[in-house]
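Trainee: Give the three-dimensional model of this entry:
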Amino acid sequence: MDYYAPSQLPDIDAVELVDLKGLQPNLVSGYMEAAKNAPFVRVKGDTAQQIAHLWRHLPPDGQMRCHYPPFGLRFYADNKLLVQGSVCWECNNIHAEENGKNLVYEFDAQHPHSQELLILLQLLAKQSF
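Mentor: Residues are numbered from 1 along each chain as shown. Below is the predicted model:
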């Protein structure tokens, strides 16, 4: 599997936060595919830009060998899906899909940027799901 670089996310204008709880895909890379009918909330403006900023600044680190993501994110520009990924703070990894290609990113889930993103997503989820 190839590696993904969140820092390379282009300009976006919307983000969808996807609830991945309860999904059990056959592969760890299959969460976003399995989430086609999962609850989600679309955000724009400052909140979308804040999520994108934190995503771009997720610091690299090693991963554990599991994947239990509470959330997925879909990034859009002009209603075109740019990248989507399931994010696991327990296992320090993201399984992403960009242009039909499955990618992975390993990040430091305890870093302040990572924790800020988790807290922001938890707040959005609490208000939306």
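Trainee: Can I take it that Ala125 is in a helix?
Mentor: Yes - checked against DSSP: H, G, I helix; E, B strand; the rest coil, Ala125 lies within a helix.
Trainee: Could you pull up the residues touching it?
Mentor: Contact partners of Ala125, counting by Cβ atoms under 8 Å, 6 or more residues apart in numbering, are Leu17, Asp19, Val41, Pro70, Phe71. C-beta: built from backbone N, CA, C; applies to glycine.
Trainee: what do you get for Asp11?
Mentor: Ala77.
Trainee: secondary structure class for the residue nearest the centre of the chain?
Mentor: Centrality entry for the chain: nearest residue to the mean C-alpha point is Leu73, 3.7 Å, by Cα atoms, centre = their mean. Recorded secondary structure, Leu73: strand (three-state DSSP).
Trainee: Beta-bridge partners for it, please?
Mentor: According to DSSP bridges, the residues that bridge with Leu73 are Leu17, Gly85.
Trainee: any idea how far Arg65 is from it?
Mentor: 22 Å (Cβ to Cβ, to the nearest Å).
Trainee: Tell me what Lys80 is bridged to.
Mentor: Ala77.
Trainee: ok, it to Ala14 distance?
Mentor: In terms of Cβ to Cβ, Lys80 sits 10 Å off from Ala14.
Trainee: now do Ser29
Mentor: From Ser29 across to Ala14, the span is 23 Å (Cβ to Cβ).
Trainee: so Arg74 makes contact with Val18?
Mentor: Yes - using Cβ atoms under 8 Å, Arg74 is in contact with Val18, at 6.6 Å.
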